[in-house]
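In: Task: produce atomic coordinates for the following.
(one chain, ligands or ions: 2)
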Amino acid sequence: MQRIIAPSMLSADFGQLDRDTRMVDCSAAEWVHIDVMDGVFVPNISFGFPVLRAIRKVTAKTLDVHLMIVEPERYVERFVAAGADIVTFHLEACADPAGCIASIRSAGARAGISIKPATPVAALRDVLPLVDLVLVMSVEPGFGGQAFMPEALDKVRELRTMAGELRPELLIEVDGGISARNAGALFDAGADALVAGSSVFGAEDPETEIRRMLEA
Ligand code: DX5
Ligand code: ZN
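Out: Ligands and ions are numbered 1, 2, ... in the order given. Here you go, the predicted structure:
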């Protein structure tokens, strides 16, 4: 099992996007997490293609794009063209998850699916054999800086067991309220990748914070 940290650019200083992306590029974090919000699927609006392209120019690290948008199938190819290496959409936002996964793959990226806190792991059973990654939300999607919901730990364990049966190579990622305080428990529960926004960008020394999470 691997340990990956994915700093969330939602908590970066957008006036210093270049500087903050370079910091992640030089750090021990392997992925860069990009939160796209449409103001419909979630009650907040973040950023889209131009910002993704700007980040892509500055780093060769894996760009992990988290779409919190309705009808994601309309946009996935454009996110891959703008530089996404992984495109994750919400199960709750998509009428044809298998079709959306196929579009992401044929555009050349890895495909992920995410579930909100109220959606049970069992809802993923049919799509699990088709995806590269599942993103378990440990807060309600929409905003950085919220408190971690500990129920996510049981969801990760349940998903790891289900993946053992249906998709052994599955990567499990967790997003929301993560810091060095809970990172160790999440990795131990079976998570491969942890998203961290405010804990990284709010730290006095973000690179040290990333290392603390990896060693937690
Ligand atoms: C929330 C986003 C998260 C967010 C995490 O909807 O999906 O990626 O940036 O921020 P923190 O780590 O501050 O909870
Ligand atoms: Zn996210």
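
In: Can you show me the CA trace of stretch 137-148 as CSV?
Out: Only the C-alpha atoms of stretch 137-148 are listed here, as CSV (Å, rounded to 0.1, in the frame of the first residue of the first chain):
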residue,chain,number,x,y,z
MET,A,137,-15.7,12.5,1.2
SER,A,138,-15.0,13.1,4.9
VAL,A,139,-16.9,16.5,4.9
GLU,A,140,-19.8,17.8,2.9
PRO,A,141,-18.3,18.8,-0.4
GLY,A,142,-18.2,22.6,-1.1
PHE,A,143,-15.8,24.2,1.3
GLY,A,144,-12.4,23.8,2.8
GLY,A,145,-11.7,24.1,6.5
GLN,A,146,-14.5,21.8,7.8
ALA,A,147,-14.2,19.2,10.6
PHE,A,148,-13.3,15.6,9.7
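
In: what about that stretch and ligand 1, touching?
Out: Yes - judged by CB under 6 Å from any ligand atom, stretch 137-148 comes into contact with ligand 1 through 139, 141-146. (C-beta placed from N, C-alpha, C; glycine too.)

In: For that stretch, give me every contacting residue.
Out: The set of residues external to stretch 137-148 that reach it, using CB atoms under 8 Å, 6 or more residues apart in numbering, is 8, 10-11, 35, 37, 41-44, 68, 90, 114-117, 149, 152, 174-179, 182, 197-198.

In: How about that stretch, which residues are buried there?
Out: With burial defined by 16 or more other CB atoms under 10 Å, the residues of stretch 137-148 counted as buried are 137-139, 141-144, 148.
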